[in-house]
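**Q** Sequence first, predicted model second:
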Amino acid sequence: MVQTNGVPGIATKRSGVINLMNTILGAGLLSVPYAIKCNGLFLGVVFVLFSALTSGLGLYLLAVASTYSIPGHASFFSLSKLTVPQLGIVFDLAIAVKCFGVGCSYLIVIGDLMPQIMSSIVSNENLEHYPLLSSRTMWITLFVVAILPLVYKRKLDSLKTASLVALSSVGYLVILVVVHFAHIWTGGKEDIVRGPIHYFQPDSIISLLSSFPILVFGFTCHQNQLGIINELKDRSLANIGEMNFISIGSACILYLVVGLSGYLTFGDNVVGNIITMYPNSVSSTIGRIAIVILVALSYPLQSNPARASINHVAYYINDSDLAKSIRSYSRSSTTSSAITTEERRNLVAQSPTPNGSVLIDDSIVMEEEENEHYVELTNKKLLIITTIIVILSYLVAITVKSLAHVLAIVGSTGSTSISFILPGFFAYKLIGSGNVSLSTKDLVLKYSGLALAIWGFVVMIICLSATLFLGATH
């Protein structure tokens with residue numbers, strides 16, 4: 001396994017944890033009580049824990065795979081060039097579409113919630129005099145303009161302050177759900193109707209399958225994992241593993257707290273967005289505002305990986321020598337004398353090769369690899385691609401009121417690929433690619449990758465079927 005850190009970044013583990021957690025903890029946090037209701041309390045908890053485990057494994061395998069790429073330039077693009085370059089455009093296109101769709105859904109949430117918030121704050125008489133306060137288009141426009149400076153940021157590390165504010169909104173939502181639960185279960189009276197509670201029995205097989213995507217994709221943050229790794233000051237696997245464990249573990253605890261508190265509060269009457277079930281009050285209104293802040297500040301964390309993937313897709317389309325490079329790669333990978341990435345990096349500079357020739361200096365090898373596996377995102381391309389993403393997502397958000405079904409289909413394919421299939425596949429293909437003797441740990445990681453990739457295909461089939469035939473969303 002390659003263990004080289006290259007030129008270190010400036011980001012800390014703390015900023016990585018903050019950005020990963022903000023990517024995980026979107027508005028989907030409010031759907032967890034409904035998912036537990038569909039599965040029954042015991043099975044719902046098991047599914048939350050299992051989803052956290054599989055997503056955590058995917059994050060760690062991505063970290064392992066990143067060590068085979070150019071230090072500081074790891075991406076799904078570079079890893080696909082090292083494994084199956086022919087499918088690289090498919091991988092990046094899936095990531096771009098998935099992240100773009102989620103970003104659109106965030107803007108739609110803002111457009112749906114802000115008029116509701118205004119109706120609870122402003123009197124009906126004032127709303128009649130100022131109809132713009134109830135205009136979803138106006139609110140979407142305002143928030144898009146407000147977050148533009150964050151959307152054009154190049155580095156994920158520069159978004160850590162915004163992510164911290166967003167996580168504060170998550171903290172308020174958690175407190176809101178827990179306080180209501182504690183108040184009711186200690187004998188307090190509230191204007192709600194609680195349904196029956198099922199501890200072990202799911203509603204039905206259909207409800208179990210239809211809620212499956214909510215928990216399976218509840219921990220998706222893998223699209224930002226490689227970008228965060230590139231910016232880390234310490235890129236050691238131990239540091240990255242600790243960062244991932246804190247992120248996934250903390251998110252898992254919050255999911256369980258909100259899921260159990262929300263379900264035990266409303267029982268089988270709970271719906272997909274628990275915040276809508278609380279009576280109108282100052283605390284509920286603040287909760288809705290917290291959701292708006294959360295999704296608004298999460299939008300840049302979706303546009304950033306979408307921009308990188310679109311940059312790679314543009315490279316595939318515009319590069320006239322792509323077919324030649326693919327054929328060259330295919331020929332070299334099938335010859336016994338080919339030198340793999342791992343072998344080249346482990347050989348000492350100026351050491352003789354088996355055929356008697358001499359390797360060029362390792363720095364030159366690294367430079368050639370960087371040119372081959374890294375596509376620069378210039379300031380001009382950053383400006384153009386980001387502007388296109390913002391304009392298109394804005395147009396979608398003001399014209400479409402529900403992307404649920406489309407997002408469920410995209411998520412069933414894109415999220416599955418990002419979270420399970422690609423991390424598992426990359427790890428399985430790259431670990432041991434230098435024909436070296438593998439340790440027990442490396443063998444476990446290699447075949448864990450294979451198992452995760454297979455699990456990803458199973459999840460894709462189940463979730464697509466639930467979406468297409470049962471109307472499931474996530």
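**A** Ah, there it is. Residues are numbered from 1 along each chain as shown.

**Q** CA atoms for contacts and neighbours, from now on please.
**A** Noted.

**Q** so where is the stretch 1-150 of the chain shaky, pLDDT-wise?
**A** By pLDDT under 70, the weakly predicted segments of the stretch 1-150 of the chain are 1-8, 27.

**Q** Apply 80 and report the result again.
**A** Applying pLDDT under 80 to the stretch 1-150 of the chain flags the ranges 1-9, 26-28, 123-130.

**Q** residue boundaries of the strands in it?
**A** With DSSP state E, counting those that start in this stretch, there are no strands along the stretch 1-150 of the chain.

**Q** likewise the stretch 301-450 of the chain?
**A** Using DSSP E, counting those that start in this stretch, the stretch 301-450 of the chain contains no strands.

**Q** Are we agreed that residue 195 is in a strand?
**A** No. According to DSSP: H, G, I helix; E, B strand; the rest coil, the state of residue 195 is coil, so it is not within a strand.

**Q** quick one: contacts for it?
**A** With contact taken as Cα atoms under 8 Å, 6 or more residues apart in numbering, residue 195 is in contact with 266, 267, 268, 269.

**Q** Any figure for the gap between it and residue 299?
**A** Using Cα to Cα, to the nearest Å, residue 195 is found at 35 Å from residue 299.

**Q** residue contacts, the closest residue to residue 293 other than its chain neighbours?
**A** The shortest distance from residue 293 to any non-neighbouring residue, by Cα to Cα, 6 or more residues apart in numbering, is to residue 166 (6.3 Å). Residues in contact with residue 166 (Cα under 8 Å, 6+ apart) are 22, 293, 294, 295, 297, 298.

**Q** what's the answer for residue 377, then?
**A** Counting by Cα under 8 Å, 6+ apart, residue 377 makes contact with 308, 311.

**Q** Now it. Its backbone dihedrals?
**A** With angles defined as degrees, to the nearest 10, residue 377 sits at phi -100, psi 90.

**Q** Tell me how many other residues crowd the residue nearest to residue 232 when sequence neighbours are not counted.
**A** Using Cα to Cα, 6+ apart and skipping residues adjacent in sequence, the residue nearest residue 232 is residue 11, 4.5 Å away. By other Cα atoms under 10 Å, 21 other residues sit near residue 11.

**Q** gap between residue 11 and residue 22?
**A** Using Cα to Cα, we find residue 11 at a distance of 16 Å from residue 22.

**Q** What residues of the helix or strand hosting residue 210 count as buried?
**A** Using DSSP states H and E, residue 210 sits in helix 205-216. Residues 207, 208, 209, 210, 211, 212, 213, 214, 215, 216 are the ones in helix 205-216 that count as buried (16 or more other Cα atoms under 10 Å).

**Q** Count the neighbours of the closest residue to the third one other than its chain neighbours for me.
**A** Taking Cα to Cα, 6+ apart as the measure, residue 209 lies nearest to residue 466, with 5.9 Å between them; neighbours along the chain are not counted. Using other Cα under 10 Å, the number of residues around residue 466 comes to 24.
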